[in-house]
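Peer 1: Sharing a model prediction with you, sequence too.
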Amino acid sequence: MSLLETHGVSVRFGGNVVLDDVSLTITPGDVTGIIGPNGAGKTTMFNCVTGMQPLASGRVVFNGRDITGHGSGRRARLGMARTFQRLELFLSLSVRDNVRVAGDIVRANTRKRIDVEAETDRILGLTGLADIANENVAGIPTGRARVVEVARALMTRPKLLLLDEPASGQTEQESERFAGLLRGLAADGIAVCLVEHDLPLVMSLCSTIHVLDHGILIASGTAAEIRRSPAVIAAYIGAEGAA
Amino acid sequence: MTTFLTYTALGLVLGAVYAIAASGLVLTYTTSGIFNFAHGAQAMVGAFTYYQFTVAWKLPAWAALIMVVGLLGPAMGRLQHAFIMRGLRDTEQITRIVVTVAIMLGLVALAQWLWDPQEARVPQMLFGVDRTITFFGVTLRYHEVICLFVALALAVGLRALFVKSRLGVLMRATVDDPDLLSLTSHDPDRVSAQAWMLGSTLAVLAGVLITPVIGGPLEANALTLLVIDAFAAALFGRLKSIPLTFLGAIVLGLMNSYLVGYAPAGWSWVGNLRQSLAMIVLFVILLLFRNERLRGAATRSRERYEVPPVRRAVMWGAVFVLAVMAFRQLIDASSVGLLQLGIAFAVIALSQTLLTGYAGELNLAPLAFSAIATIAAFHTGIHGEGLEARLSLGGVVVGVIAAAVTGAIVAVPALRLRGLYLALATLAFGVFVSSMILRDIQEHTLFGRTFAIFPNGNLLFPRLALGPVDLADDDVFLLVSAALFAGLGVGLVALRNGGYGRRLAAMKDSPAACAMLGQRLLWLKLSVFAISTAIAGLGGILMSMSLTSVTKDHFVFTVSLSLVMLAVVGGIGYVSGALFSGLVAGAGLTAVVALLNNAATERPEFDGALGVVSHLVLVSAALTGVGVAQNPSGILHDVFARHRTLAKAPEIRYGAIVAQCVLYAFAWSDVLGTTSFVVLSLILWLCLPQIGAALRPAKILGDRPARATPPELVGIDSDYPSDLASRLDKRLGIEEGVARVIA
């Protein structure tokens, strides 16, 4: 049973076709990867899914419900969360408050009595941010700032977690730890989807991989299938696959 | 038919002048990203200068035109760009707005100083009123025909400039990416300076042309508000498109003209409606705009604010109330009113701390909401007659709710859009309140009830009585106002430290990320806007109670703008910034000017010089806002930062408290005058970090490690060891020893 389905999604910027008839699915409990060369439309795909980019045509279905016309906030309240390629942290808040405010928002929306403090501590521990919790978020290195974005997204208890290039700016050690975190989240039943340039990471982590090139979905499958796919080798992996 | 054609022609002429003004506005906005609120004020200065040249100094019109349009216009634009606009990169929208608002207030103050507002100046049409041309039975004067032709030439010229010319393409590129432009060996500064010069010239041209078209004398405030008509026209083109801006200007001009021509004679309020037409059009257009898309835009701006913990805020609140009460003992009863007014203004300014400082939204007309609250409280909450009249608590509540509801209604169309539109909408609303609601002074009958919104143009506003507490007593009122400000201030700090405040900060920093966490942005904005206008309403009721008699001049838009500007100058993210703003706008300036006037009465021989000084005080106070480009976090932010260096030397602070008490004792026993006491106290606290550094350098400066000079600045001042030098020589393939000789 898939959590998210896109049906024939197309996006145009002026006369430029950025996404052309893309249909893909994301299932809970899996880590799904979207890869492709620069300008392939990966981030635009995320924007379509999260309601930040209007579609020229196509539909987005989430949890069995057509959400094509919904705004970003509404999609988030249905259980979608994302991080941003060009970090969107709340720069006047501390690391802890960046995470905590997500809990504040959920509490205000659901009017449930959630213990935001305790939940913040739990997420900070889970993501390994406890040591810098009281620092101003504007001063921390990019690699850890990306983890703050993930922690913030987790505070909303999402069903679907979309990560836009989460490993860029991370050291090798950080990204290994990060891969472990994502596996754990998937094991908890969250659908994790990432756009990533770090191919070894994607190949080792993702059970399903979608490959975009020039706005067209050229292949979908497991890491092994993607490695063998002639279209992918021709369009993208060609040079790197040989290495 | 001829009547219709005549009104159409006159509407087109007015539209043409609006178009000239609006296209200048669009030009500077699209090329610098800065919306010039001073545009109308520049037009006003142009109109007055032209009048001065032609009528007072009897220069021929062509010479005056060359001086004003050819020299003054470009010069003003160039100066503006050189001194101010370049410093505004990486600042928040409010900082940009405040800088141009400061220029606007400065120009208005300057004009009222140079040209006595009491004197009527009626400018003449170019070529006089007798030179006419008749066309299809419509008689137009040469002046009006010139307006049409200038606008037409501009429409064609500007379109060509943007689309065809190299300069136009460069101008557009400057907005998109100035750094990229400089990489291609162009100078973005020079390009935007040219745009500002052109924009300013168009403002001046519109100023010279408009007054004879509308008729009547030159009026500084009215001309300054030309900017609102220009906004409305520019909004047709979304502040971008020149052709649509022209269309908007023509539509506005025609509506104006038909309203005059065809409104039934019984509609006595049409004159007021004409003045608010632009504002109504502006709101309709805002409603028609589509929602803006969420985009990631978390850029780091230069503004910084520290959030104090609630406990510290409570302590400072108590200190404030005590200080006000202690200060009360030093001043005579006649000055208490001024202090009350200052605190009332500070409460109004608190609305800005919440709205702009915490949430990043804008409101340029807080006093308009104060006026709404005052009117609502006046109509519902007064009992008793004459000296026995009192305001009931119910009246206060109704007033505050009215302000909040009005705030929400005003904000709805603009909240979906960028901050700038909200600023425009609130400013337009402020003008609407001034020109329609506060001018509704005649009684009229509607639905069987006879009433006037603002009876006789002067409300006698009694003070609140609540059980045994009667605010008619000045001292009680002062205490209650001070306690109210302190309580609201602490409340705001607590709010900012809580979940709601964090959500506001998140929305301010990154709306896109905030929405992606599930926040309903519209509701959050709406709620914070309503809360802030409620505070402005409460402050307004305080203000009216302290004045006890209010007219429309107390709520005029320039006072609103000064208050907003001073709050930013003080530090919009701080409760103390609001206090600074309120005390300066409500009490400080009046006190200084009164002081100078007293001095002038005592020493008539210095009358002229002191008069100049008091005008200079007003102009420079208006211009303080220009400084925020250098220091966008506000004065108090720096003061606090410097005071933090004293944390390690508490004895300095204790010493200062003792010194303050001594000063107070001197003032209390009349050894020191009140003014000297205030000045000395300010010097004491502002210079304390320096005093501390001088007295306890080891504690305050000592721990700070002396910053090591980086090696690349020290350079290498020792010789290479000889073996290294010869190895280098060998690698470089030069004869041994050559390098050393050169060195």
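Peer 2: Received it, and whenever you're ready, just let me know what you need.

Peer 1: and the gap between residue B:649 and chain A?
Peer 2: When Cβ to the nearest Cβ, to the nearest Å is applied, the distance between residue B:649 and chain A equals 25 Å. All C-beta atoms are positioned from the backbone trio N, CA, C, and that covers glycine.

Peer 1: Spell out which parts of chain A neighbour chain B.
Peer 2: Contact residues (Cβ under 8 Å from any Cβ of the partner chain) of chain A with chain B: A:50, A:52-54, A:71-73, A:76-77, A:80-82, A:84, A:86-93, A:97, A:100-102, A:104-109, A:116, A:138, A:149, A:152-153, A:155-156.

Peer 1: rerun at 7 Å
Peer 2: A:50, A:52, A:72-73, A:76-77, A:81-82, A:84, A:86-93, A:97, A:100-102, A:104-109, A:138, A:152, A:156 (Cβ under 7 Å from any Cβ of the partner chain).

Peer 1: Quick one, which of the residues you listed are buried?
Peer 2: Listed as buried from these are A:50, A:52, A:72-73, A:76-77, A:81-82, A:84, A:87-93, A:97, A:100-102, A:104-109, A:152, A:156; burial here means 16 or more other Cβ atoms under 10 Å in any protein chain shown.

Peer 1: Show me the domain layout of chain B.
Peer 2: B:2-262, B:310-629, B:717-742 (automatic domain parsing).

Peer 1: can I get these in CSV with distance to residue A:28?
Peer 2: CSV is the format used below for the domains of chain B (distance: least, Cβ to Cβ, whole Å):
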stretch, distance to residue A:28
domain B:2-262, 41
domain B:310-629, 19
domain B:717-742, 63
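
Peer 1: Just put those domains in CSV and tack on mean pLDDT, mean neighbour count and distance to chain A.
Peer 2: Below are the domains of chain B laid out as CSV (pLDDT from 0 to 100; neighbours: other Cβ atoms under 10 Å in any protein chain shown; distance: least, Cβ to the nearest Cβ, whole Å):
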stretch, mean pLDDT, mean neighbour count, distance to chain A
domain B:2-262, 84, 20, 11
domain B:310-629, 88, 21, 4
domain B:717-742, 71, 10, 35
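
Peer 1: I figured residue A:219 hits residue A:228, correct?
Peer 2: No. Contact status for residue A:219 versus residue A:228: not in contact, 9.6 Å apart, counting by Cβ atoms under 7 Å.

Peer 1: These two: which has the busier surroundings?
Peer 2: residue A:219 (21 against 13; other Cβ atoms under 10 Å in any protein chain shown).

Peer 1: Wasn't the more buried one part of a helix?
Peer 2: No. Residue A:219: not assigned to a helix; according to DSSP: H, G, I helix; E, B strand; the rest coil it is strand.

Peer 1: Quick one: residues contacting the closest residue to residue B:542 other than its chain neighbours.
Peer 2: The spatially closest residue to residue B:542, leaving aside those adjacent along the chain, is residue B:344, at 3.9 Å (Cβ to Cβ, 6 or more residues apart in numbering or on different chains). By Cβ atoms under 7 Å, 6 or more residues apart in numbering or on different chains, residue B:344 lies in contact with B:481, B:539, B:542, B:543, B:546, B:586.

Peer 1: With the flanking residues excluded, which residue is spatially nearest to the first one?
Peer 2: Just to be clear, that refers to residue B:481. The shortest distance from residue B:481 to any non-neighbouring residue, by Cβ to Cβ, 6+ apart, is to residue B:343 (4.5 Å).

Peer 1: for that neighbour, helix, strand, or coil?
Peer 2: helix.

Peer 1: isn't it right up against residue B:479?
Peer 2: No. Counting by Cβ under 7 Å, residue B:343 does not reach residue B:479; the two are 10.3 Å apart.

Peer 1: In which helix or strand does residue B:171 reside?
Peer 2: helix B:166-176 (DSSP states H and E).

Peer 1: same question, residue A:17
Peer 2: Per DSSP H and E: strand A:16-26 holds residue A:17.

Peer 1: which residues of chain A fall in strands?
Peer 2: Secondary structure of chain A (DSSP state E): strands at A:4-13, A:16-26, A:31-35, A:57-62, A:65-66, A:80-82, A:160-164, A:191-195, A:208-213, A:216-221.

Peer 1: Can you list the strands that the shortest one pairs with?
Peer 2: This points to strand A:65-66. Take DSSP bridges as the rule and strand A:65-66 pairs in its sheet with strand A:57-62 (antiparallel).

Peer 1: just the helices in the stretch 501-650 of chain B please.
Peer 2: Here the stretch 501-650 of chain B has its helices, by DSSP state H, counting those that start in this stretch, at B:511-516, B:521-547, B:557-570, B:575-582, B:589-602, B:607-623, B:635-644, B:650-668.

Peer 1: who does the first one touch, helix- and strand-wise?
Peer 2: Looking back up the chat, that one is helix B:511-516. Here helix B:511-516 touches helix A:72-79, helix B:521-547, going by 3 or more Cβ pairs under 7 Å, 6 or more residues apart in numbering or on different chains; DSSP states H and E.

Peer 1: Report all helices and strands that the first one contacts.
Peer 2: For helix A:72-79, the contact count by 3+ Cβ pairs under 7 Å, 6+ apart identifies helix B:511-516 as packing neighbours.

Peer 1: same question, the last one
Peer 2: Packed against helix B:521-547 by the contact rule (3+ Cβ pairs under 7 Å, 6+ apart) you find helix B:333-352, helix B:366-380, helix B:393-415, helix B:499-509, helix B:511-516.

Peer 1: Pull the residues that contact the longest one.
Peer 2: Same thing as helix B:393-415. By Cβ under 7 Å, 6+ apart, helix B:393-415 touches B:283, B:286-287, B:369, B:372-374, B:376-377, B:380-382, B:421-422, B:425-426, B:429, B:464, B:466, B:522, B:525-526, B:529-530, B:533-534, B:536-538, B:541.

Peer 1: what angle sits between it and helix B:333-352?
Peer 2: Counting by axes from the mean of the first three to the mean of the last three Cα atoms, to 10 degrees, helix B:393-415 lies at 40 degrees to helix B:333-352.

Peer 1: can you dump the C-alpha coordinates of helix B:393-415 into PDB?
Peer 2: Output in PDB follows, covering the C-alpha atoms of helix B:393-415 (Å, rounded to 0.1, in the frame of the first residue of the first chain):
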ATOM      1  CA  LEU B 393     -14.700  50.100  31.800                       C
ATOM      2  CA  GLY B 394     -17.200  48.800  29.300                       C
ATOM      3  CA  GLY B 395     -16.300  51.800  27.100                       C
ATOM      4  CA  VAL B 396     -12.600  50.800  27.200                       C
ATOM      5  CA  VAL B 397     -13.400  47.200  26.400                       C
ATOM      6  CA  VAL B 398     -15.700  48.200  23.500                       C
ATOM      7  CA  GLY B 399     -12.900  50.600  22.200                       C
ATOM      8  CA  VAL B 400     -10.200  47.900  22.300                       C
ATOM      9  CA  ILE B 401     -12.400  45.300  20.600                       C
ATOM     10  CA  ALA B 402     -13.400  47.800  17.900                       C
ATOM     11  CA  ALA B 403      -9.700  48.500  17.300                       C
ATOM     12  CA  ALA B 404      -8.900  44.800  17.100                       C
ATOM     13  CA  VAL B 405     -11.800  44.000  14.800                       C
ATOM     14  CA  THR B 406     -11.000  46.900  12.500                       C
ATOM     15  CA  GLY B 407      -7.400  45.800  12.500                       C
ATOM     16  CA  ALA B 408      -8.400  42.300  11.400                       C
ATOM     17  CA  ILE B 409     -10.700  43.700   8.600                       C
ATOM     18  CA  VAL B 410      -8.000  46.000   7.300                       C
ATOM     19  CA  ALA B 411      -5.300  43.300   7.400                       C
ATOM     20  CA  VAL B 412      -7.300  40.600   5.600                       C
ATOM     21  CA  PRO B 413      -6.700  41.800   2.000                       C
ATOM     22  CA  ALA B 414      -3.000  42.400   2.500                       C
ATOM     23  CA  LEU B 415      -2.000  39.600   4.800                       C
END
